[in-house]
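Trainee: just the structure for this:
(one chain, ligands or ions: 2)
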Amino acid sequence: MECLFCKIANHELQATVVVEDEHIIAFEDINKIAPVHVLVVPKKHLQNVAELDPEDMRLLSAIQAAIKHIVQATGIEESGFRVVTNAGESAGQSVFHLHYHVIGGRNLNVALG
Ligand code: 5GP
Ligand code: ZN
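Mentor: Ligands and ions are numbered 1, 2, ... in the order given. As a prediction, the model looks like this:
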């Protein structure tokens, strides 16, 4: 298996895990851009958000629950945070296994592009 995030999901590679369940694993980004920068990753290998199908709704619920847990546990729920998922090269996706960045703990630029 060549995929980096599959290896982290299988605990073949180390990461600082924040929350994990049957469907997802969430861990600290290795190159944080803010005091809170956690990646929420489904254990199922999907390239990006465009590959999600209606049968993946349980997985999406698990992602949503993890996001909520992270923002509450880190205290950024009130101050504000951003959830980003990059899809494809022109969006800057560099790891081609679906993941959601949860970023907060500082003032974030308003511009998305
Ligand atoms: P993308 O650019 O695909 O949206 O985001 C990939 C993210 O994965 C980047 O923010 C990068 O810092 C992070 N990343 C890449 N390799 C590793 C790794 O081995 N461990 C962890 N924890 N994060 C990684
Ligand atoms: Zn993968």
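Trainee: partners of the lengthiest strand in the chain, with directions?
Mentor: Longest strand in the chain, counting residues (DSSP state E): strand 36-42. If you go by DSSP bridges, strand 36-42 pairs up with strand 24-28 (antiparallel), strand 100-104 (antiparallel).
Trainee: can I get those in TSV with mean neighbour count and mean pLDDT?
Mentor: Bear in mind the C-beta positions are built from the backbone N, C-alpha and C, glycine included. Listed next are the strands paired with strand 36-42 as TSV, based on neighbours: other Cβ atoms under 10 Å; pLDDT from 0 to 100:
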stretch	mean neighbour count	mean pLDDT
strand 24-28	21	98
strand 100-104	22	98
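Trainee: can you lay out these as JSON lines showing distance to ligand 2?
Mentor: Below are these laid out as JSON lines (distance: least, Cβ to the ion, whole Å):
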{"stretch": "strand 24-28", "distance to ligand 2": "11"}
{"stretch": "strand 100-104", "distance to ligand 2": "14"}
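Trainee: many thanks, have a good one.
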